[in-house]
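Q: Provided below for reference: sequence and predicted model.
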Amino acid sequence: MLFILLKSARSYYGLVFILLLSTLLVNAQQKLGKVTGKVVDEKSAELPFVQVLLKRSADSSTVKAMLATDKGQFSFEIPDGKYILELRMMGYGTVYSKVFDMVNARNQSLDVIQLLPTSTQLAAVNVSSPPPFVERRADKLIVNLNGLGAGAPIMEVMNQLPGVSVTPDDRISLNGKSVQIYIDGKATTLSAEALAGMLKGISSSAIQKVELIAQPSAKYDAAGNGAIINIIRKRNYKAGLNGNVYTGGGKGTFGKANGGLNLNYKGKAYNLLLNLDYNYNKYFYDSYIASTFVDAQGIALSQSSTDIKSTRTNANYTPNLGMDFYLSKRTTLSASVKPGFQTFGRNSTANIDDVVGQSQFINLVHIRASNFSSGLRLQHQIDSLGRDLTVDLDYYRYGNYNDQDNRTVTFSPTSDLPSVVGQDRVFDVYAFKMDYTHPLAKGHQLEMGMKTSYVNAKNSNFYQDFTRQQTNLFNYKESISALYLTYARTGEKFSYQLGIRGEYTNGQGEQEFGKERFTRSYFQPFPSVHLDYKFTKNHSLSLGMNKRIERPGYESLNPLVRIISSNNLQQGNPALLPLIAYNADLWYGYKNAFFFGLTYSYSVDDFTSISVPLPDNTISTLPGNADYGSYFTLQAMYGKQVLPWWYTSTNAILSKRSFKGEFNGALLQSDGIASLSATSYNSFSLSRNFSVMLLFNYRGKSVDRTITNRAFTYITAGIRQQFLNKRASIQVNAMDIFKSYRNEYNQNSGTLQQLWRNQFETRMVKLNFSYSFGGTVKNTKKSNSAEDERKRSALSEN
């Protein structure tokens, strides 16, 4: 029945309407009381457009949020219970009200609440410290930055968050799992390289909080077997202009540069956001590949080696324009346009020694990439009870145009073989999404929604040498339709969230050369459960379970060849199946500072990477499916302001991965090995405006499916000076001081054994400057949805 509903757009809206109607009937008899109040500034003048958050006093979970009127007035209609108010305004200290009790739906009028430029004790309210650094929810961990990073790029602050690790080549993980980055609740639209550049350009001073979601609920796209990191930016809630300008540079073997401007202007009827970000990086990337061909008994038949030296340049320019139009007090229309431009160049030389003899392969690559995303979001607060309807419409286009000039020289006077390769990749993504939130009595809440998306991916290869010319095309079209429903309760001791999501996928691929076609259609349900129990104020226990799917990236399905060297190729696999994963984690928390957890994941049709020998003595590396894979971890995390001058965030993970699969006619099975990894970030404030930072990172030897990774460690240190009343800061970081980072691994593909030794620029010094400017215009009387599809369009660097 659900399969038929998912096939029919008309049935989507019918089911959503029925669900909405049923929840309205359930809530019809709920008795509500009204609480009102008023906000003034330090001169007792009405303070307009203050952000007012209504929270439960038991666990500080947000029930409702609103902006005060132009006269500083606010009101909430709420059921019985104990509550607290949090009031925020840029340029003013955050204020928390006293706990008040709503009894028998009796209306209440609170005393006038005053916000001051600096924190002080008020008669009408209790002004407390900022929100706790870490807040635990049933389905996520919320980290309130509270000035953490002091303007440093958010990429550099990531290592300071509980369970988060960032390697020198900008790979981000949470609790040992890969992550998808969201910004303000929407998945990012950039490739991995461009995303890293963007995160290095965003100042941490522009970030309010970061949500760490290790086990995403049914509300999120089921795609991706990893975690989600949702970065919530600060908004300008007071009329006027605010902004931030930053610039930086670095030097390793080559120079680097970045810079940008962030502007936010808020008028009475609109809010304008403009971001201009630029990042340039030149670096070396060297690889040594030793290949051994073996027979069924493991006896070596032949060997080859490839030594690649390359210099690469990468430049990203990412402007972003967004506007919020306040159509009414409860309705906001948001529009955004984000073009992006990238250039990439590679100049590499590969020295090859194989059974044919010695040769040299010269590879010159120039890539022009562009992406364009636009979106509309309509958000309507149906009433002050927290009922909310959000509609998203998004379009995303990514184009990657790759030109290569190659020469193969075999050290023979008559052998100089030039060739030209052109590879184009274009992705178009369309998405529509609708979400509805409906609070119920006594801390219960219902959420439901739907999403539909369509992707058209076009790939072309052109090859020409002095003997032949060849063109090949691969096109892939995919549509995904989904419905979800979650039910949650937030209590003083026990909280939970239950969810179910259904997704129907239809994909069609066609390769012109050989006329190969494939069609894949399937429906999958994705349940999720999150439980949280607070034994006392300091002790808590949480359990999360879900089912996820990881669909192959569009590039992983593309069979067209990408060139590494004359005897090493990469290509996708159209027969690659989606991975289905079943995940569970159990966490104990102490004072929201120490966490100890157990996690387990079991994957069917697990992804892995294999190398296949071809008849012409070349080797092609492509993705494949194993029968199963499992991943188990023991984790400990500690993040706390230990002393007024010392903050630490330390994580340790003991993990083990096993898998089984058949590749190249050989059965490969591994029980894995226990692997230890640890990260420790420490910041020491030597004065009010001067601090020192030290980051230690260790990764032990590990077995990841067919790959055995070598151990490595690296250390980064830095200093930061703030001035101009903390509006400006200068930061100097020395990365990988001892040049100890390693990327080395052995890959077992059955009849082919390979050693990969990669070395790239990790030791460098970086200088960053950041300045926040602008005030406010005072008046005492008045004062995104194409998520998974965009991630899967990312292209990896060869």
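A: Right, received. Where do you want to start? Numbering: from 1, shown residues only.
Q: could you pull out the helices in the chain for me?
A: Here the chain has its helices, by DSSP state H, at 2-7, 9-27, 154-157, 192-201, 554-557, 787-792.
Q: now do the fifth one, average pLDDT.
A: What it means is helix 554-557. Helix 554-557 carries an average pLDDT of 75.
Q: lowest average pLDDT across the helices of the chain?
A: Among the helices of the chain, helix 2-7 scores lowest, at a mean of 37.
Q: next one, pLDDT for the residue nearest to residue 342 when sequence neighbours are not counted please.
A: Once flanking residues are discounted, residue 342 sits nearest to residue 369: 4.2 Å by Cβ to Cβ, 6 or more residues apart in numbering. Heads up, the C-betas are built off the backbone N, CA and C, glycines and all. The model reports residue 369 with a pLDDT of 85.
Q: against residue 478, how distant is residue 369?
A: Residue 369 sits 21 Å away from residue 478, going by Cβ to Cβ, to the nearest Å.
Q: same question for residue 680.
A: In terms of Cβ to Cβ, residue 680 sits 43 Å off from residue 478.
Q: and if you look at residue 294?
A: In terms of Cβ to Cβ, residue 294 sits 38 Å off from residue 478.
Q: between these two, which is the more surrounded one?
A: residue 478 (21 against 16; other Cβ atoms under 10 Å).
Q: surely that one touches residue 518?
A: No. At 11.8 Å, residue 478 does not count as touching residue 518 under the criterion of Cβ atoms under 8 Å.
Q: mean confidence for stretch 378-395?
A: 86.
Q: again with stretch 728-741
A: On average, stretch 728-741 scores 89.
Q: and the nearest residue to residue 387 once chain neighbours are set aside, how far from residue 385?
A: Nearest in space to residue 387, with sequence neighbours left out and distances taken as Cβ to Cβ, 6+ apart, is residue 438 at 5.4 Å. Residue 438 sits 9 Å away from residue 385, going by Cβ to Cβ.
Q: ditto for residue 241
A: As judged by Cβ to Cβ, residue 241 and residue 385 stand 34 Å apart.
Q: more crowded one of these two?
A: Taking neighbours as other Cβ under 10 Å, residue 241 and residue 385 compare with residue 385 leading, 19 against 15.
Q: which residues touch the more buried one?
A: Residue 385 makes contact with 32, 64, 77-78, 439, according to Cβ atoms under 8 Å, 6 or more residues apart in numbering.
Q: residue 177: which of those residues is nearest?
A: The nearest member of the contacts of residue 385 to residue 177, counting by Cβ to Cβ, is residue 439 at 31.6 Å.
Q: show me what that closest one is bridged to.
A: For residue 439, the beta-bridge partners under DSSP bridges are residue 445.
Q: quick one: residues contacting it.
A: 27, 63-64, 385-387, 445-446.
Q: specify the beta-bridge partners of the nearest residue to residue 518 once chain neighbours are set aside.
A: Counting by Cβ to Cβ, 6+ apart, residue 509 is the residue found nearest to residue 518 once chain neighbours are left out, at 5.1 Å. Taking DSSP bridges as the rule, residue 509 bridges to residue 476, residue 518.
Q: just use 842 as the starting number from now, easier for me
A: Shifting the count to begin at 842 puts that one at residue 1350.
Q: how many neighbouring residues does residue 1350 have?
A: So residue 1350, with other Cβ under 10 Å, has 22 neighbours.
Q: distance of it relative to residue 1085?
A: Relative to residue 1085, residue 1350 is positioned 45 Å away (Cβ to Cβ).
Q: show me where pLDDT drops low in the stretch 1142-1291 of the chain?
A: Flagging of the stretch 1142-1291 of the chain using pLDDT under 70 yields the residue ranges 1225, 1248, 1250-1258.
Q: which residue ranges form the strands in it?
A: Remark: strands assigned in the stretch 1142-1291 of the chain by DSSP state E, counting those that start in this stretch are 1172-1195, 1198-1222, 1229-1250, 1257-1280, 1285-1306.
Q: and the closest residue to residue 1223 other than its chain neighbours, what does it touch?
A: Take residue 1223 and drop its neighbours on the chain: the residue closest to it by Cβ to Cβ, 6+ apart is residue 1230, 6.3 Å away. Residues counted as contacts of residue 1230 (Cβ under 8 Å, 6+ apart) are 1220-1221, 1223, 1275-1278.
Q: filter those down to the buried ones, ChimeraX style.
A: A single ChimeraX command selects the buried members of these (16 or more other Cβ atoms under 10 Å):
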select :1220,1275,1276,1277,1278
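Q: for the contacts of residue 1230, work out which two are farthest apart.
A: Once Cβ to Cβ is applied, the contacts of residue 1230 give 1223 and 1275 as the farthest pair, at 13.7 Å.
Q: tally of neighbours for the closest residue to residue 1088 other than its chain neighbours?
A: Using Cβ to Cβ, 6+ apart and skipping residues adjacent in sequence, the residue nearest residue 1088 is residue 1100, 4.0 Å away. Using other Cβ under 10 Å, the number of residues around residue 1100 comes to 17.
Q: same check, this time on residue 1446
A: 18.
Q: next, give phi and psi for it.
A: Phi and psi for residue 1446, reported as degrees, to the nearest 10, are phi 60, psi 50.
Q: that one: what's it in contact with?
A: So residue 1446 contacts 1418-1421, 1466-1469 (Cβ under 8 Å, 6+ apart).
Q: could you rerun that using 6 Å?
A: 1418, 1420, 1466 (Cβ atoms under 6 Å, 6 or more residues apart in numbering).
Q: could you do residue 1568 as well?
A: By Cβ under 6 Å, 6+ apart, the neighbours of residue 1568 are residue 1613.
Q: 7 Å instead?
A: Residues near residue 1568 by Cβ atoms under 7 Å, 6 or more residues apart in numbering: 1612-1614.
Q: so how far is residue 1612 from it?
A: Distance from residue 1568 to residue 1612, by Cβ to Cβ: 6 Å.
Q: and for residue 1131?
A: Distance from residue 1131 to residue 1612, by Cβ to Cβ: 50 Å.
Q: and if you look at residue 1057?
A: Residue 1057 is 37 Å from residue 1612, by Cβ to Cβ.
Q: show me which of these two is the more surrounded one.
A: residue 1057 (28 against 18).
Q: hey, what's the residue lying closest to residue 1534 once chain neighbours are set aside bridged with?
A: Nearest residue to residue 1534, sequence neighbours excluded (Cβ to Cβ, 6+ apart): residue 1559, at 4.4 Å. Counting by DSSP bridges, residue 1559 is bridged to residue 1534, residue 1574.
Q: spatially central residue in this structure, please.
A: residue 1022 (1.0 Å; Cα atoms, centre = their mean).
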